[in-house]
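pasting the sequence and the predicted coordinates here, then a few questions.
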Number of protein chains: 2
Amino acid sequence: MKKEVELSKAKWLVEPGCVVLVTSGTMENANVMTFSWQTPVNNADPCLVLLVINHIRYSYELIKQNHELVINVPGEELLEQTHFVGTVTGRNINKSLRDKLRESGLTPIPAKMVEPPLIEECAAHLESRVVETFKMQTHDLLVCEVVRAVADAELFDGKWIPERFHTLHYLGGNKYGLMERAIEAHGKKTTAE
Amino acid sequence: MKKEVELSKAKWLVEPGCVVLVTSGTMENANVMTFSWQTPVNNADPCLVLLVINHIRYSYELIKQNHELVINVPGEELLEQTHFVGTVTGRNINKSLRDKLRESGLTPIPAKMVEPPLIEECAAHLESRVVETFKMQTHDLLVCEVVRAVADAELFDGKWIPERFHTLHYLGGNKYGLMERAIEAHGKKTTAE
């Protein structure tokens, strides 16, 4: 069952560097795109996640309209949908009055705080607003503030439980690595620099 | 045995979102710090990797001096060293004329193109120069151009081989997830948007 995640802990949903499915647009006209290029950029409050996006993406057109998006976390069971969504554009699908999200077999459900839908089949959702954009030559860096986060409490207890939930990590081509096991360090903890 | 990696393919060394050990400074006065917050920001040429660093870090003082660093990729066998390096500052260690890199039990060896050392025990090294910096409130985004990359050819053949090499993915506290298995999608590949 999905439960609210405190915003000060939401970054742990993406910190392992897993691929995420980003929904944009609205419930009526949604798009979805796979991102491997994401990282937290702040420790706790506000929860900020950076997404790197090519200027030419259809998702980016939609994001620029309402500055909102949802970061959804898929696991191993969504491999085919994740790859499909990462390799097919929603631009032409939308022109024919269907959208890529539904085309992929994923289920859009309404978010609480933003317009783009959540993807029901994903294990976690980070409803976000773009608060800053840094421009690069072909890509932009979108700093997204997470305004609401929920996750499956069986799979995430403040940390992902890799023995129960296998996040996807992009290796290239059609290959993805799976995070399957957790290990624990025993050294001392003070302050990193 | 470590071999040169074409720069157009070097991003695949960090794309899975693994933690990396970043060396800074010089062979004589080196520092090392664990980064979980990293992502590629360009597809191929030049190979650009983004690192997110807090303003107060000792590593950042060193990076600002010569604008060079090396991104080293550790695996499961370097768990304790990775955690140590991520939780202890090099600032005071250096003042007593020892450095954190040697203190951690890791072995510095000279790089070819930049001043900071490589870490011999790591499976891959990306010698890099900072080419752009975006400023945020507490953290800066360092865009690093990779100028030379090498990797263990038994473990990386253009993609990491998770069955042979387990990258570390930070879960929080003293816990790390391991990427242990690769899976392959069979859907069609066209253009992502």
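On my side now, so go ahead. Because the structure is a prediction, the values reported are computed rather than measured. Residues are numbered from 1 along each chain as shown, chains lettered A, B, ... in the order given.

what pairs with the longest strand belonging to chain A, and is each one parallel or antiparallel?
Counting by DSSP state E, the longest strand found in chain A is strand A:139-152. Paired with strand A:139-152 in the same sheet, following DSSP bridges, are strand A:2-4 (antiparallel), strand A:48-54 (antiparallel), strand A:124-135 (antiparallel).

just name the most buried of these.
Mean neighbours per residue, mean count of other Cβ atoms under 10 Å in any protein chain shown, is largest over the strands paired with strand A:139-152 for strand A:48-54, with a mean of 23. C-betas here are computed from N, CA, C, even on glycine.

check the offset of that strand from the chain's centre.
10 Å (Cα atoms, centre = their mean, to the nearest Å).

the helix or strand just after that strand and chain B in contact?
Next along the chain after strand A:48-54, taking DSSP states H and E as the criterion, comes helix A:58-66. Yes: Helix A:58-66 is in contact with chain B by Cβ under 8 Å from any Cβ of the partner chain, via A:58, A:59.

what is the rounded mean pLDDT of helix A:58-66?
Confidence for helix A:58-66, expressed as mean pLDDT, is 94.

out of the helices and strands in chain A, which is least certain?
Counting by mean pLDDT, DSSP states H and E, chain A has its least confident helix or strand at helix A:91-95, which shows a mean of 65.

any idea which residue is closest to the centre of chain A?
The centre of chain A sits closest to residue A:71, judged by Cα atoms, centre = their mean, with a distance of 2.8 Å.

and the residue of chain A that's closest to chain B?
Of all residues in chain A, residue A:17 sits closest to chain B, at 1.4 Å by Cβ to the nearest Cβ.

on that earlier part again, any chance of the strands paired with strand A:139-152 in a markdown table, plus mean pLDDT?
Formatted as a markdown table, the strands paired with strand A:139-152 follow (pLDDT from 0 to 100):
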| stretch | mean pLDDT |
| --- | --- |
| strand A:2-4 | 98 |
| strand A:48-54 | 97 |
| strand A:124-135 | 98 |
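
closest one to residue B:42 among those?
strand A:48-54 (8.8 Å; Cβ to Cβ).

what residue ranges in chain A score low on pLDDT?
A:93-98, A:188-193 (pLDDT under 70).

rerun at 90
A:44-45, A:56, A:58, A:86-105, A:187-193 (pLDDT under 90).

do I have it right that residue A:68 meets residue A:126?
No: look at residue A:68 against residue A:126 with Cβ atoms under 8 Å: they stay out of range, at 11.6 Å.

contact partners for residue A:32?
Residue A:32 is in contact with A:21, A:22, A:23, A:24, A:59, A:85, A:90, A:100, A:101, A:104, A:106, A:119, counting by Cβ atoms under 8 Å, 6 or more residues apart in numbering or on different chains.

and if we set it to 6 Å?
Contacts here follow Cβ atoms under 6 Å, 6 or more residues apart in numbering or on different chains; on that basis residue A:32 touches A:21, A:23, A:85, A:100, A:101.

helices - which of these land there?
Per DSSP state H, helices hold the following members of the contacts of residue A:32: A:85, A:100, A:101.

most neighbours, which of those residues?
residue A:85 (29 neighbours; other Cβ atoms under 10 Å in any protein chain shown).

surely that residue touches residue A:31?
No: at 9.4 Å, residue A:85 does not count as touching residue A:31 under the criterion of Cβ atoms under 6 Å.
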